[in-house]
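**Q** quick one: sequence and predicted model below, then my questions.
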Amino acid sequence: MRLYSLSVLYKGDPKVHLLKAAYDVSTFNFFQRSSVQEFMTFTSQLIVERSALGSRASVKEQEYLCHVYVRNDGLAGVVIADNEYPQRVCFTLLDKVLDEFSRQVSKMDWPSGSPATISYSALDGYLSKYQVQTPR
């Protein structure tokens, strides 16, 4: 069971943009990592774009399960995990991250923010904390 990506996005008008993201692509071949990360960013944006405000969904994309939560205020979170990762845990993580993000980052910064301008450093910590270590 693995988490690959945790991202916070803003569903604005007319488009969705990424505010902050964390990735774990360590299980992929070194030469594939950047394209895998691009795929996850693109997929996250696409899923948020196609989701209604105030909705939660789990979408299967290739061998991944993408869990999305779009709040009524336009703030959205996406977790990309493997098929075995528990859905309930993903949505608990998204609730926690979006609540914390909205307390720490001003709502005025959401429409114009980008990963370079938003200062919120907790995503990497959450991604590793919620990673399920499988015994080898």
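**A** Everything's here; your move.
**Q** could you say which helix or strand holds the residue positioned nearest the centre of the chain?
**A** Against the mean C-alpha coordinate of the chain, by C-alpha atoms, centre = their mean, the closest residue is residue 7 at 2.5 Å. Using DSSP states H and E, residue 7 sits in strand 3-11.
**Q** in its sheet, what does that strand sit against?
**A** Sheet pairing of strand 3-11 (DSSP bridges) gives strand 16-23 (antiparallel), strand 75-82 (antiparallel).
**Q** go through these and name the closest to residue 52.
**A** strand 75-82 (10.8 Å; C-beta to C-beta). To be clear about C-beta, it is placed using only N, CA and C from the backbone, and glycine gets the same treatment.
**Q** now, of the strands paired with strand 3-11, which is deepest in the fold?
**A** Highest mean neighbour count of the strands paired with strand 3-11: strand 75-82, a mean of 25 (counted as mean count of other C-beta atoms under 10 Å).
**Q** what helices and strands are in contact with the next helix or strand after that strand?
**A** Using DSSP H and E, the helix or strand that follows strand 75-82 towards the C-terminus is helix 87-104. Applying 3 or more C-beta pairs under 8 Å, 6 or more residues apart in numbering; DSSP states H and E, one finds that helix 87-104 contacts strand 3-11, strand 55-61, strand 64-70, strand 75-82, helix 122-129.
**Q** fine by me, we can end here.
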